[in-house]
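1. Quick one, fold the following:
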Amino acid sequence: MARYTGPKTKIARKFGEAIFGEDKSFEKRNYPPGQHGNNRRRGKKSEYAIQLMEKQKAKYSYGILERQFRNLFEKANRSKGVTGEVLLQLCESRLDNTVYRLGLSPSRSGARQLVSHRHITVNDKIVNIPSFQLKPGDVVGVREKSKSLQIIINSLDNNSSNYEWLTWNRDVLQGTFVSIPKRLQIPENIKEQLIVELYSK
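-> Below you'll find the predicted structure:
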């Protein structure tokens, strides 16, 4: 199963944002990585470089590799609505992202692992495909045997996030994907129009 497993703080420093969540190392050095620190930075970035960086940021944020991300873009491009907004909505509708948003894991990579290891159900059926696309009304839950997992309990105890398109029932460890989020509701700092421009070249 292909996924990025390299150093996360270095990637976060490259974008100047803690895109993988809270990161103490990033807070100490929140400038781009490199031998000479901030001293020898090139001047103005080209239009292409800015667009490419935005695409890379979106890919790393959601933990999606190039081919999968390209397929999502093409799907968004074929559908009705604003392509950039639909692209982010497709990313948000992924099962691993929803598990992360519900607070079952402190990171998207951890959420992906919970799904892959068959701890998560959709409409009471085990689903182990992180990229599974949820539809409004789908119920995401924790498998009965996995409800006592300490990693899930700890994550829920430390989670204070609340999203308008999701509801969560702590008593039964189940959440509902109520609706596809609107762009204003998605908290990710991504300029999706730049991604559309890049792929449209």
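2. only C-alpha atoms for contact and neighbour calcs from this point on.
-> Noted.
3. Contacts only, for the residue at minimal distance from the centre of the chain.
-> Closest residue to the average C-alpha location of the chain: Tyr62 at 2.8 Å, with CA atoms, centre = their mean. Listed by CA atoms under 8 Å, 6 or more residues apart in numbering, the contact set of Tyr62 reads 91, 97, 108.
4. for whichever strand or helix holds Thr121, the distance to its chain's centre please.
-> Using DSSP states H and E, Thr121 maps to strand 120-122. The chain centre lies 18 Å from the centre of strand 120-122; the measure is CA atoms, centre = their mean, to the nearest Å.
5. longest helix of the protein?
-> What stands out as the longest helix in the chain, according to DSSP state H, is helix 47-62.
6. Can I get it in PDB, CA atoms only?
-> Extracted as PDB, the C-alpha positions of helix 47-62 are listed here (Å, rounded to 0.1, in the frame of the first residue of the first chain):
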ATOM      1  CA  GLU A  47       3.500  31.100 -11.200                       C
ATOM      2  CA  TYR A  48       4.000  27.400 -11.900                       C
ATOM      3  CA  ALA A  49       6.000  26.900  -8.700                       C
ATOM      4  CA  ILE A  50       3.200  28.500  -6.700                       C
ATOM      5  CA  GLN A  51       0.600  26.200  -8.300                       C
ATOM      6  CA  LEU A  52       2.700  23.100  -7.900                       C
ATOM      7  CA  MET A  53       3.300  23.900  -4.200                       C
ATOM      8  CA  GLU A  54      -0.400  24.200  -3.600                       C
ATOM      9  CA  LYS A  55      -1.000  20.900  -5.200                       C
ATOM     10  CA  GLN A  56       1.700  19.200  -3.100                       C
ATOM     11  CA  LYS A  57       0.300  20.800   0.000                       C
ATOM     12  CA  ALA A  58      -3.200  19.400  -0.700                       C
ATOM     13  CA  LYS A  59      -1.700  15.900  -1.400                       C
ATOM     14  CA  TYR A  60       0.400  15.800   1.700                       C
ATOM     15  CA  SER A  61      -2.500  17.200   3.900                       C
ATOM     16  CA  TYR A  62      -4.900  14.500   2.800                       C
END
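7. Thanks a lot, catch you later.
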